[in-house]
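Novice: A predicted structure for the sequence below; I have some questions about it.
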Amino acid sequence: MEPSNLSRRRMLLSTGGVMALAGTASLTPLSAALAQEKAKTQAKALPAYASWKHLDSLIVHSANTIETKRSAFGSGLITPLDRLFVRNNVAPPSEQIVADPDAWVLSIKGVKNPKDMTVAELKRLGLVAVPMVLQCSGNGRAYFPEKPSGTKWTVGAAGCIVFSGVPIKAVLEATGGMEAGAKFMTGTGGEDIPEGLDPNTIMVERSLPLEAIDDAILAWEINGQPIPLAHGGPLRLIVPGYTGVNNVKYIKQLAFSKDQSAASIQQNSYRMTPMGEKTNVNQESVWEMPVKSWITSPNGESGEDLKAGLVQIQGLAFGGMSAAKEVEVSVDGGKNWVKANFVGPDLGKYAWRQFVVGMELKPGQYEIASRATSEAGTVQPEERVANSHGYLNNSWRDHMLPVTVA
């Protein structure tokens with residue numbers, strides 16, 4: 001296993017306390033990333049494979065990076081597919097692969113009885129549905145002052161959806177179990193590899209520790225419908241609690257092995273690389289998601305002033321590898337906190353919870369923040385973990401919104 005002290009670095013003691021409601025706070029200017037986003041006057045067109053999505057609810061960064069607007073999360077727990085973010089490391093394969101989903105073939109290796117199975121055959125092995133947060137590893141990258149390379153996501157590279165498919169444990173049982181000595185589960189994506197290139201330089205192949213198997217599934221449905229190409233259909237490896245890149249799209253091979261994949265995306269990418277250092281295999285892999293929350297309403301990024309009086313502050317929270325236990329909200333930049341209430345049903349430990357708290361706000365400037373605590377007792381930290389790629393930003397201060405009340 002790899003060195004793991006990241007969770008300890010994320011810990012922050014909760015201050016608790018009672019909210020003093022009448023004050024105002026000095027306004028922190030919007031980050032450069034938010035200002036740039038606000039200045040955009042023309043939306044980019046959606047790529048053909050995602051042309052069915054609701055453009056007004058999205059920010060199209062590129063053909064392979066599409067973000068949900070903060071204002072588009074709404075008040076429901078499940079993210080509609082036409083508003084769900086898109087992130088591809090490589091251009092997706094042909095739309096033809098989802099024309100007959102049941103015919104897609106998965107190769108299963110590193111087991112006692114290796115075999116190829118179609119989706120139709122996998123469907124005979126079992127069925128579960130998993131409500132979960134799907135989040136890009138770089139969600140929140142826009143708030144890093146070091147301006148790391150990569151898409152400048154704010155909060156919209158995340159969604160809460162329901163994947164349906166067969167448990168990995170059932171697949172292992174049907175193939176005689178994994179071979180002795182296996183330490184990793186590896187999924188290989190079905191993206192096209194241009195002829196003449198070393199596959200390791202471009203293919204999406206991610207290795208995960210065996211603990212990930214417990215709740216992992218091979219999914220063919222999302223929100224009750226066949227998974228579209230934009231979200232990894234016809235078959236996707238789903239590993240609840242782990243960041244998006246580990247949920248391999250168009251999965252064509254599932255293997256169990258002693259070593260991690262030799263692919264560059266495993267060896268040289270998605271590592272918690274300290275600032276100023278070069279990425280290497282000894283650094284911690286970007287696997288598990290940390291506890292996180294953010295405000296969705298009022299939407300401070302809109303630039304519109306709120307009217308004084310009772311304001312319903314809403315947001316979303318999740319615990320990463322365990323459920324969100326509670327959420328606190330501050331309107332004075334984190335000086336004082338008040339507990340919010342969860343809204344709607346609890347869909348399980350991997351799903352997010354919507355929260356709300358009503359506050360009487362006088363005219364003035366406010367900095368609205370949220371801070372979640374997981375069932376595991378981890379408190380969302382004030383500061384991000386600095387890293388050169390801008391991964392796993394769960395800082396409540398970074399996600400804080402300035403709001404003017406008139």
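Specialist: Yep, it's here.

Novice: in contact with the most centrally placed residue in the chain, which residues?
Specialist: Centroid check for the chain by Cα atoms, centre = their mean gives Gln135 as the closest residue, at 0.7 Å. By Cβ atoms under 8 Å, 6 or more residues apart in numbering, the residues touching Gln135 are 157-159, 243-244, 289. For every residue, glycine as well, the C-beta is placed using N, CA and C.

Novice: from Ala262, how far out is the closest residue to it other than its chain neighbours?
Specialist: With sequence-adjacent residues excluded and distances taken as Cβ to Cβ, 6 or more residues apart in numbering, Gln135 is closest to Ala158, at 3.9 Å. Noted for Ala158: a distance of 30 Å to Ala262, by Cβ to Cβ, to the nearest Å.

Novice: what's the answer for Met185, then?
Specialist: From Met185 across to Ala262, the span is 15 Å (Cβ to Cβ).

Novice: of the two, who's got more company?
Specialist: More neighbours surround Met185 than the other of Met185 and Ala262, with 25 against 11 (other Cβ atoms under 10 Å).

Novice: what's opposite the more buried one in the beta bridge?
Specialist: Going by DSSP bridges, Met185 is paired in beta bridges with Leu208, Phe256.

Novice: per-residue pLDDT, it?
Specialist: Looking at Met185, its pLDDT reads 98.

Novice: what's the distance between it and Tyr242?
Specialist: For Met185, the distance to Tyr242 - Cβ to Cβ - is 11 Å.

Novice: identify the contacts common to those two.
Specialist: 208, 212.

Novice: model confidence for the residue nearest to Thr175 when sequence neighbours are not counted, exactly?
Specialist: Leaving aside its sequence neighbours, Thr175 sits nearest to Val111 (Cβ to Cβ, 6+ apart; 4.1 Å). Looking at Val111, its pLDDT is 98.

Novice: what do you get for Gly196?
Specialist: 88.

Novice: confirm it sits in a helix?
Specialist: No. Under DSSP: H, G, I helix; E, B strand; the rest coil, Gly196 sits outside any helix and is assigned coil.

Novice: ok, how many other residues are close to it?
Specialist: 5.

Novice: pretty sure Gly189 is touching Asn246, no?
Specialist: No. Counting by Cβ atoms under 8 Å, Gly189 sits too far from Asn246 to count as a contact (11.3 Å).

Novice: how near is the residue nearest to Thr175 to Lys339?
Specialist: Going from Val111 to Lys339 by Cβ to Cβ gives 48 Å.

Novice: so between those two, which is more surrounded?
Specialist: Using other Cβ under 10 Å, the more surrounded residue of Val111 and Lys339 is Val111, with 19 against 13.

Novice: wait, the more buried one sits on Ala174?
Specialist: No. Using Cβ under 8 Å, Val111 is not in contact with Ala174, being 9.1 Å away.

Novice: list the contacts for the residue nearest to Gln135?
Specialist: Going by Cβ under 8 Å, 6+ apart, Ala158 touches 68, 85, 133-136, 139.

Novice: next: His231.
Specialist: By Cβ under 8 Å, 6+ apart, the contact list for His231 reads 81, 84, 86, 222, 249.

Novice: what residues are bridge-paired with the fourth one?
Specialist: Following DSSP bridges, Ile222 is listed with bridge partners Phe163, Gln225.

Novice: can you report how many residues lie near it?
Specialist: 22.

Novice: okay, it and Leu361: tell me how far apart.
Specialist: From Ile222 to Leu361 the distance is 39 Å (Cβ to Cβ).

Novice: please enumerate the helices of the stretch 51-200 of the chain.
Specialist: Using DSSP state H, counting those that start in this stretch, the helices found in the stretch 51-200 of the chain span residues 119-122, 168-174, 199-202.

Novice: list the buried residues of the first one.
Specialist: Buried residues in helix 119-122, counting neighbours by 16 or more other Cβ atoms under 10 Å, are found at 119, 122.

Novice: okay, that helix in PDB with CA atoms only?
Specialist: Provided in PDB are the C-alpha atoms of helix 119-122 (Å, rounded to 0.1, in the frame of the first residue of the first chain):
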ATOM      1  CA  VAL A 119     -23.300  -7.200 -20.400                       C
ATOM      2  CA  ALA A 120     -26.300  -9.600 -21.000                       C
ATOM      3  CA  GLU A 121     -24.400 -12.300 -19.200                       C
ATOM      4  CA  LEU A 122     -23.400 -10.000 -16.400                       C
END
